[in-house]
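J.: Return a 3D structure for these sequence lines:
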Amino acid sequence: MRILVTGGDGQLGNCLRDASANSANEYIFTDVDDIDITDPEAVSLGVRCNDFQLIVNCAAFTDVDRAEEQEDIAELINATAVGYLAKAAKECDIPLIQISTDYVFGGNNRNTPLTEKDTVNPTSAYGRTKLHGEEAIKESGCRHIIIRTAWLYSEYGKNFVKTMLGLIPSRKELKVVVDQIGSPTYARDLADAIVDIIDNGKYIGHEGIYHYSNEGVCSWFDFAKMIQEIAFPAVDGSYPCSIRPCHSDEFPSKAVRPTFSVLDKTKFKETFNIEIPYWIDSLRKLIITL
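T.: Numbers count the residues shown, from 1 in each chain. Next up, the predicted model:
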């Protein structure tokens, strides 16, 4: 089976490349230079002429703050282009797997994990445009699986873990927000799950929205402390860099970020029979390989 993976040069795209290296299926990784997903003719031609049997869309405008100033561009990539992919999938009668985000929930007063049935309420341009992408898929009528994820990191691209690994050894003190709660997600774990779903045919007959993040819950402050503990062990019981908790209002940003975005993974685990790793175990697995 030939699988088209768009956004192949991004975090998740690169992790999918690694995860699918030994697959019996043929994964074709593309980016804007190969297929411009914002061009409807290029998408239609690219899908129809290459005998793809499934599409995985990892392409996205993910700069959350810049999206506030360039919402039109974010809308083009996160929604309009997704509609083009969905239309092509419908025309060719093939499934589409779309990667979405916890930001579709935005502001909420929850303190229990968010399920797929909970009301969406994006409070940022990024969240709005990703939600519009989900809606475009549903409206197309194509067979689809939408996977919402959160706090993605990996050895590729820019992410919180790589930023902390650069800052901690060079600073005496760091302040990290303690009032935003979620679940860090190692992109390789998500990539492995996607390959499992595809290669074992688990996607067949299981259309809909699913949540995936690593197991466990923490704040960004907790996340930073654990990165330090694993990567830069204490000497004589102390760390050279003091990581201190702070509140979000100490670091004003253009985008309003979710305060609680812990995702309930029950539906994903029960439907696809996939065990999801604990976030600290996955973080340790990544750091020891860097």
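J.: quick one: contacts of stretch 35-55?
T.: Under the contact criterion C-beta atoms under 8 Å, 6 or more residues apart in numbering, stretch 35-55 has outside partners 1-6, 28, 30, 34, 57, 59, 76-77, 80-82, 84-85, 87-89, 91-92, 94-97, 198, 203. The C-beta positions use only the backbone N, C-alpha and C, and glycine is treated the same way.
J.: Restrict the residues you listed to the buried ones and give me that as a PyMOL selection.
T.: In PyMOL syntax, the buried subset of the contacts of stretch 35-55 is picked out as below (16 or more other C-beta atoms under 10 Å):
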select buried, resi 3+4+5+6+30+57+59+76+77+80+81+82+84+85+87+88+89+94+95+96+97+198+203
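J.: In helices, which of the contacts of stretch 35-55 appear?
T.: Mapping these onto helices (DSSP state H) picks out 81-82, 84-85, 87-89, 91-92, 198.
J.: where does this protein have low pLDDT?
T.: 108 (pLDDT under 70).
J.: For it, which segments count as helices?
T.: So, for the chain - with DSSP H - the helices run 11-19, 40-48, 64-69, 71-75, 81-92, 125-140, 160-167, 187-199, 220-231, 266-272, 279-287.
J.: that older thread, in CSV, list the ones in helices among the contacts of stretch 35-55 along with distance to residue 117.
T.: Below are those laid out as CSV (distance: C-beta to C-beta, whole Å):
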residue, distance to residue 117
81, 27
82, 22
84, 28
85, 25
87, 27
88, 29
89, 24
91, 30
92, 30
198, 25
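J.: is it true that residue 203 touches residue 145?
T.: Yes - if you go by C-beta atoms under 8 Å, residue 203 and residue 145 touch, sitting 5.8 Å apart.
J.: Are there residues contacting both of these two? Which ones?
T.: Here residue 203 and residue 145 have 95, 97, 197 as joint contacts, going by C-beta under 8 Å, 6+ apart.
J.: which residues sit in contact with the closest residue to residue 185 other than its chain neighbours?
T.: Spatial nearest neighbour of residue 185, chain neighbours left out: residue 213 (4.4 Å); criterion: C-beta to C-beta, 6 or more residues apart in numbering. Listed by C-beta under 8 Å, 6+ apart, the contact partners of residue 213 are 102, 149-151, 182-185, 262-263, 265, 276, 279.
J.: Since that was my last question, I'll sign off now.
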